[in-house]
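Undergrad: Provided below for reference: sequence and predicted model.
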Amino acid sequence: MADSNLIAGVMYAMIDGNNYQVTGEGKYRVSADKRETMTGQDGPHGYSGTPQPGMMGWKGRDSSQPLITALNGADNVTVMFELANGKTIVGRNMWRTGDPIEVATEDASFDVEFEGLDVSEN
């Protein structure tokens, strides 16, 4: 039986079913609209909503597999997190964003981030 009081500290990351080592700093943003208040001279009128992509990222460890080259070229992938609190975060049809991945050779760590239109939590 899982510890019902455990809410943070453990995370597993997978891309298209392949496990990736996680050193820490996992983060995600579910797909949602960016909202901005629309204000006129007579007061607030409501808000505008602009669709924003979801995001999933983490600090990983460069082991012998998978290759950083494959991560740099990742496109149309499914990214999944399993979290200590029991949540599963799934991003579909995602692509790697940002500059090409840099690996710190002292501890073999790197940061990677993905964005996509469909990131949800269960």
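TA: Arrived safely.
Undergrad: Please report how far the residue lying farthest from the centre of the chain lies from Val22.
TA: Most distant residue from the mean C-alpha position of the chain: Asp42, 40.4 Å away (Cα atoms, centre = their mean). Taking Cβ to Cβ, to the nearest Å as the measure, Asp42 and Val22 are separated by 51 Å. Bear in mind the C-beta positions are built from the backbone N, C-alpha and C, glycine included.
Undergrad: just Leu6 next, same as before
TA: With distances taken as Cβ to Cβ, Leu6 is found 16 Å from Val22.
Undergrad: Give me the more crowded residue out of those two.
TA: Val22 (16 against 12; other Cβ atoms under 10 Å).
Undergrad: What about the nearest residue to Ala84 once chain neighbours are set aside, how many residues nearby?
TA: Excluding the flanking residues, the one nearest Ala84 by Cβ to Cβ, 6 or more residues apart in numbering is Val10, at 3.9 Å. Val10 has 12 neighbours, counted by other Cβ under 10 Å.
Undergrad: Could you do Ala74 as well?
TA: Counted with other Cβ under 10 Å, the neighbours of Ala74 add up to 18.
Undergrad: before we move on, what about Leu83?
TA: The number of residues near Leu83, taken as other Cβ under 10 Å, comes to 18.
Undergrad: ok, which stretches of this protein are helices?
TA: 68-72 (DSSP state H).
Undergrad: Was I right to think Ala13 contacts Met80?
TA: Yes. Under the criterion of Cβ atoms under 8 Å, Ala13 is in contact with Met80, at a separation of 7.5 Å.
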